[in-house]
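K.L.:
Could you look at this predicted model? Sequence included:
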Amino acid sequence: MRLWSAKAPNSFNLQFFNSGEYMQAVCDRNLAENISKVLYPNDNIFEGKELRLKQEYFLVSASLQDIIRRYKHSKAGREKNDFECFPDKAAIQLNDTHPSLVIPELMRLLVDEECLAWNKAWDIVVKTCAYTNHTLLPEALERWSVALIEKLLPRHLQIIFAINHLFLEQVKLRWPGDIDRVRRMSMVEENGEKRINMAFLSIVGTHATNGVARIHSELLKTNVFRDFYEMFPERFQNKTNGITPRRWLLMCNPELSELLSTKLDSDWTTNLDKLQQLKKYCNDEKIINDLMTIKLYNKTKLATYLKATCNIVVNVSTMFDIQVKRIHEYKRQLLNCLHIITMYNRLKRKETEGFVPRTVMIEGKAAPGYHVAKLIIKLVNNIANVVNNDPQTSGWLQVVFLENYRVSLAEKIVPAADLSEQISTAGTEASGTGNMKFMLE
């Protein structure tokens, strides 16, 4: 495990200080430390984009140099410069496109620093790296401006251009005369501002590309990366996302875990297929009552926490209707808001027959530059302000937006949920793991 921080080689410039330029004297230090000070800067502005690219390269370069250092340290004599076995000793997984600069950076290190021939270095890179795609949304796949890469990483841009040229030559050999296919598969997008498609680079520069759910992986092959699947069918595979029951059941819901342990084989925690044995208890009144008691206990724990930390009072006798996800248009918190407004209007018309009193909780964070997502958060809070202060709907409907959603808060929310909202736009959710956490509870 590595945690990198950026430091300036010279933290203080005495020459600038002595000439009265006091701010400039520490400028280099501040610029360097900014790289690792705040992650995910607002990239709606140029400075934010530039910092984000610096951060991605910083992570990639520091990690690769450390990997190579450790690899060479394990060798002796002439073998220190022999990278033939490197793919057997190191595996680099690209988690989405953010670390995709690994490909040109490893090429740079092997070709420029270790003096390997291009073809040999490329073979090592492809065998060492693999790529996981996490999204079906084309706009979520990183595309970096050629001008920005040229400004910050000119050598890497040369390498990317060379990789793209050699790859497109293979495409032309495979599909002679198919100019449209060549244009579609080029890593360099030339419609408008020239950009590098980092997802295309990640597919070409790795030996495996996987989605994170069976349907997601099929959509990658038939839709998002169809041309590349036709070129490299053997590289595409599926690795379904998952969660650990040790955290999301044993640790955050020990009462339920204890009940399950009395009804299942002792190894159920490492073999969740054993949960199927619970089917025979579907009509067991004692088990059902025990489950309801545990659920009420967890709801009371959450209610106590909310009162102590947020001064929010919730009624544990109501249905806890919960949506916890990153705030995004495709996650459809807006649809949830429309449902809340619909329920509120029905209550105002005194249409209470069959209505289950509920507390709707929405939690999540918005990206710094995602203005629409922030407006959705504002909308949720405005709706809460109206609903929660209306005596006519009091006791029937309550709306809560919890700030600073994080794992430790999720560990309290998930066991307390009566209803989990999984309403993302169909065909846009790659896999999602929140649904799995709620299903365990």
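P.N.:
Perfect, thanks for sending it.

K.L.:
Just the endpoints, please. Distance across stretch 211-220?
P.N.:
Its start and end residues considered, stretch 211-220 measures 7 Å (CA to CA, to the nearest Å).

K.L.:
How about stretch 207-223?
P.N.:
20 Å.

K.L.:
what comes up buried for it?
P.N.:
By neighbour count on 16 or more other CB atoms under 10 Å, the buried set for stretch 207-223 is Ala208, Thr209, Asn210, Gly211, Val212, Ala213, His216, Ser217, Leu219, Leu220, Lys221. Placement of C-beta: from N, CA and C, glycine included.

K.L.:
Farthest pair within the residues you listed?
P.N.:
The largest separation in the buried residues of stretch 207-223, counting by CB to CB, is between Ala208 and Leu219 at 17.4 Å.

K.L.:
Show me the buried residues of stretch 207-223 that map onto helices.
P.N.:
His216, Ser217, Leu219 (DSSP state H).

K.L.:
which residues does the residue most central in space within the chain contact?
P.N.:
Closest residue to the average C-alpha location of the chain: His134 at 7.1 Å, with CA atoms, centre = their mean. Taking CB atoms under 8 Å, 6 or more residues apart in numbering as the criterion, His134 is in contact with Asn95, Asp96, Val212, Ala430, Ser431.

K.L.:
Could you do Asp43 as well?
P.N.:
Counted by CB under 8 Å, 6+ apart, Asp43 has contacts Lys49, Arg52, Gly369.

K.L.:
and it, that one's in a strand?
P.N.:
No. Assigned with DSSP: H, G, I helix; E, B strand; the rest coil, Asp43 falls outside any strand and is coil.

K.L.:
Against which helices or strands is the helix ranked longest in the chain packed?
P.N.:
Taking DSSP H as the criterion, the chain has its longest helix at helix 46-73. Secondary-structure packing of helix 46-73 (3 or more CB pairs under 8 Å, 6 or more residues apart in numbering; DSSP states H and E): helix 27-37, helix 102-108, helix 146-152.

K.L.:
Is it possible to get CSV of these that adds mean neighbour count, distance to Leu201 and mean pLDDT?
P.N.:
Formatted as CSV, the helices and strands packed on helix 46-73 follow (neighbours: other CB atoms under 10 Å; distance: least, CB to CB, whole Å; pLDDT from 0 to 100):
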stretch, mean neighbour count, distance to Leu201, mean pLDDT
helix 27-37, 15, 22, 76
helix 102-108, 25, 6, 98
helix 146-152, 15, 11, 97
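
K.L.:
where in this protein is pLDDT low?
P.N.:
Within the chain, the ranges that satisfy pLDDT under 70 run 9-30, 76-78.

K.L.:
Check which helices and strands the helix or strand encompassing Ile413 sits against.
P.N.:
Here Ile413 sits within helix 407-413, counting by DSSP states H and E. Contact analysis of helix 407-413 by 3+ CB pairs under 8 Å, 6+ apart lists helix 285-310, strand 319-324, strand 358-363 as its packing neighbours.

K.L.:
One more pass at 7 Å, please.
P.N.:
Packing contacts for helix 407-413, counted by 3 or more CB pairs under 7 Å, 6 or more residues apart in numbering; DSSP states H and E, involve helix 285-310, strand 319-324.

K.L.:
so how far is whatever helix or strand comes next after that helix off the chain centroid?
P.N.:
Using DSSP H and E, the helix or strand that follows helix 407-413 in sequence is strand 419-420. Chain-centre distance of strand 419-420: 22 Å, with CA atoms, centre = their mean, to the nearest Å.

K.L.:
Kindly report the same for stretch 71-90.
P.N.:
With CA atoms, centre = their mean, you get 33 Å for stretch 71-90.

K.L.:
buried residues in that stretch?
P.N.:
Lys72, Phe83, Phe86, Pro87, Ala90.

K.L.:
Which one of the residues you listed is nearest to Thr293?
P.N.:
Ala90 (50.9 Å).

K.L.:
residues in contact with that closest one?
P.N.:
Ile67, Tyr71, Thr128 (CB atoms under 7 Å, 6 or more residues apart in numbering).

K.L.:
try Arg174
P.N.:
Met231.

K.L.:
tell me which residues in the helix or strand harbouring Asn435 are buried?
P.N.:
If you go by DSSP H and E, Asn435 is part of helix 434-440. For helix 434-440, the neighbour count (16+ other CB under 10 Å) marks Gly434, Lys437, Phe438, Leu440 as buried.
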